[in-house]
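J.: No sequence on hand, only this structure:
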């Protein structure tokens, strides 16, 4: 992604360009001298012919979804475990569910997307990971029920 650092249309004291790079909670704590200093550094970039910077966007979710379906195509896997609550995984998970695959979701319970919550797949709160790494006899019955019933 190209992000503009072109200072030609802003005043030296304006935080508007910096808002693209610095969180507002931090930017609001900076004094005018710091904002002017940072804008001057961006102006120096402009004088060198640099009017934008490139920020690579990570497509990790897409890659994971692709790998899930690639593994599904091998048809020798019956269980999928996903460590994310991101809605980007709703379509691959729907496909896996349609084909009767077991799916377990590990995520922070409050951060599971609406789309995934609606799919009624077992969600294990990663903040309670101890329940999943202890000996089977130590696993609470409600967790055993989720595992067996899925």
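T.: The structure has been received and is ready for your questions. Keep in mind it's a predicted model, so treat the numbers as computed, not measured.

J.: What about the closest residue to residue 21 other than its chain neighbours, how many residues nearby?
T.: Leaving aside its chain neighbours, residue 21 sits nearest to residue 3 (7.5 Å; criterion: CB to CB, 6 or more residues apart in numbering). Any C-beta I mention is one placed from the backbone N, CA and C, and that applies to glycine too. A count of neighbours around residue 3, defined by other CB atoms under 10 Å, yields 11.

J.: Over to the one 4 residues further on?
T.: Neighbours of residue 7 under the rule other CB under 10 Å: 20.

J.: Could you check how far it is from residue 32?
T.: Applying CB to CB, to the nearest Å, the value for residue 7 to residue 32 is 16 Å.

J.: Show me the shaky parts of the protein.
T.: Within the chain, the segments meeting pLDDT under 70 span 57-59, 75, 109, 130-140, 143, 146-150.

J.: Could I get the full set of strands for it?
T.: Listed from the start of the chain, the chain has strands (DSSP state E) covering 2-4, 52-54, 79-82, 102-107, 123-125.

J.: so who does the residue nearest to the spatial centre of the chain touch?
T.: With distances taken as CA atoms, centre = their mean, residue 86 lies nearest the centre of the chain, 6.7 Å away. Counting by CB atoms under 8 Å, 6 or more residues apart in numbering, residue 86 makes contact with 61, 113, 116.

J.: that older thread, do you know how far the residue nearest to residue 21 is from residue 11?
T.: Distance, residue 3 to residue 11, using CB to CB: 20 Å.

J.: Next one: the closest residue to residue 69 other than its chain neighbours from residue 73, what distance?
T.: Residue nearest to residue 69 in three dimensions, not counting chain neighbours: residue 92, with 5.5 Å by CB to CB, 6+ apart. Distance of residue 92 to residue 73, given as CB to CB: 12 Å.

J.: Next: residue 12.
T.: Distance, residue 12 to residue 73, using CB to CB: 57 Å.

J.: so residue 14 makes contact with residue 36?
T.: No. With contact defined as CB atoms under 8 Å, residue 14 and residue 36 do not form a contacting pair (9.4 Å).
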